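just the structure for this:
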Amino acid sequence: MKRFSLYLLILFVLLGCSPATSASHPTLTASTPTAAIQMEAFKSYNLDTIPAPSLEGNLVDELTKRDIFVYLPPSYGDPNKRFPVVYYLPGYGDSGMIGFNLPDSMDRLIENGNVNAMILVTASGTSRLGGSFYANSPVTGNWEDYIVMDVVGYIDSHYRTLAQAESRGITGHSMGGFGALNIAMHHPEVFSAVYSMSPGLFDENGLAESQMFSGENLIRSFVKYESGLAAVPLEEAQKKMLSSPQQFALSYGFAFAPNPDRHPPYFDYPFTEVDGQLVRNDAVWGKWESGFGGIADETLKYKDNLLQLKGIVVDYGNYDEYAWIPKGCVYFGEQLSAAGIPVKVEEYHGSHQSELGVRIRDHMLPFFSTMLTFQ
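You can find the predicted model right below:
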């Protein structure tokens, strides 16, 4: 807002006029004795509500209009300039960049010459039931398509972007870190570089060690909850889903083991109870494992796509509260390296969120400043 007021003050002094009502993103012109100076008035940080047709037809009443945040650099005031875009995907239950303040922190980095001027877009994957994992699902909607088509399409049609893969990067934290990797792997024609922070990734034992299946009592609790849903009418079961004691597991199941033909909770759970004993369905377990896991197979399946990316970085804190995340990050790096795919995996001293702002400021943003194509 300070930057916007300064632009107006300069123009009013030059023109000798008073403020006038203007349309959204107006162009104001001032003349000097030597040249015409044209500056475009804009807000440096915008909350835009955009259509999300990719989420239509979902079974859990997800909204099909979503809020995104758009940061514009100081030089966006020049109407002749276009900019690369970095898309940031927040983690489970988050809506923004933890530890990094927009627009002020980004303004300082640009003004000090630490990074080049770029547009930053924050698109949250938070759903009514917790998190979408930025995955396409017949239950919660096509969240991957929402990012790739709805969000990117909106930004390119409403802002002065460099609308090419070479000028787009994708990043995120935790659930968003996984989403960034997954989307970049699937869509090198849209994004050319990815930086993933403390992403949800499983090694061979990651699912069993995760907070969803780390104890027998936890599994029994969910089996009991699922049985309770099956015993009530559809409308009541849909309401009870919103009060699940295990929101993360519920959201994960929607994303990676959806079954829209079932009674709520609309997904397949890998355990049942038979005569007091827990019985695991290995086929369903495989679906759950392939969400954050299945890395070895996906590396081979999407090798050509991964090789098209100009840069792949994964970083993680060495005392992350979720012990399976560091293991998964190391495993991810090992699998890509074994397949001949360039990847950089960085360990730092921190927890799941404690150093996130520093990683954004000193590592993620400079990475894109180097990797992306600028005007």
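
ramachandran angles for residue 142?
Per-residue torsions, residue 142: phi -90, psi 90 (degrees, to the nearest 10).

isn't residue 346 up against residue 314?
Yes - with contact taken as CB atoms under 8 Å, residue 346 and residue 314 are classed as touching, separated by 7.3 Å. C-betas here are computed from N, CA, C, even on glycine.

between those two, tell me which one has more neighbours.
residue 314 (25 against 14; other CB atoms under 10 Å).

next secondary structure after the helix or strand containing that one?
Using DSSP states H and E, residue 314 sits in strand 311-317. Once the chain leaves strand 311-317, the next helix or strand it forms, by DSSP H and E, is helix 324-338.

give the buried residues for that following helix.
For helix 324-338, a neighbour-count test (16 or more other CB atoms under 10 Å) marks 324-336 as buried.

what does that helix contact?
Judged by CB atoms under 8 Å, 6 or more residues apart in numbering, the contacts made with helix 324-338 from elsewhere in the structure are 181, 198-206, 209-210, 292-293, 295-296, 299, 306, 312, 314-318, 320, 342-345, 347, 352.

repeat that for stretch 356-367.
Under the criterion CB under 8 Å, 6+ apart, residues 86, 97-100, 105-106, 109, 114-115, 171, 173, 193, 195, 197-198, 311, 313, 315, 346, 348 lie in contact with stretch 356-367.

with stretch 246-256 instead?
Residues beyond stretch 246-256 that count as contacts (CB under 8 Å, 6+ apart) turn out to be 60, 92, 127, 129-133, 135, 137, 139-140, 143, 211-212, 218, 221-222, 225, 241, 244, 265-269, 287-288, 290-291.

let's see 7 Å
Where contact means CB atoms under 7 Å, 6 or more residues apart in numbering, the residues beyond stretch 246-256 that reach it are 92, 127, 129-133, 135, 137, 139-140, 211-212, 222, 241, 244, 265-267, 269, 287-288, 290-291.

which ChimeraX command selects the buried ones in these?
Selection command for ChimeraX covering only the buried members of the contacts of stretch 246-256, criterion 16+ other CB under 10 Å:
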select :92,127,129,130,131,132,133,135,137,139,140,212,222,241,244,265,266,267,269,287,288,290,291
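
what about the contacts of stretch 246-256, which are in helices?
222, 241, 287-288, 290-291 (DSSP state H).

can you put these in TSV and add pLDDT?
Shown next, in TSV, are the ones in helices among the contacts of stretch 246-256 (pLDDT from 0 to 100):
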residue	pLDDT
222	92
241	81
287	97
288	98
290	96
291	97
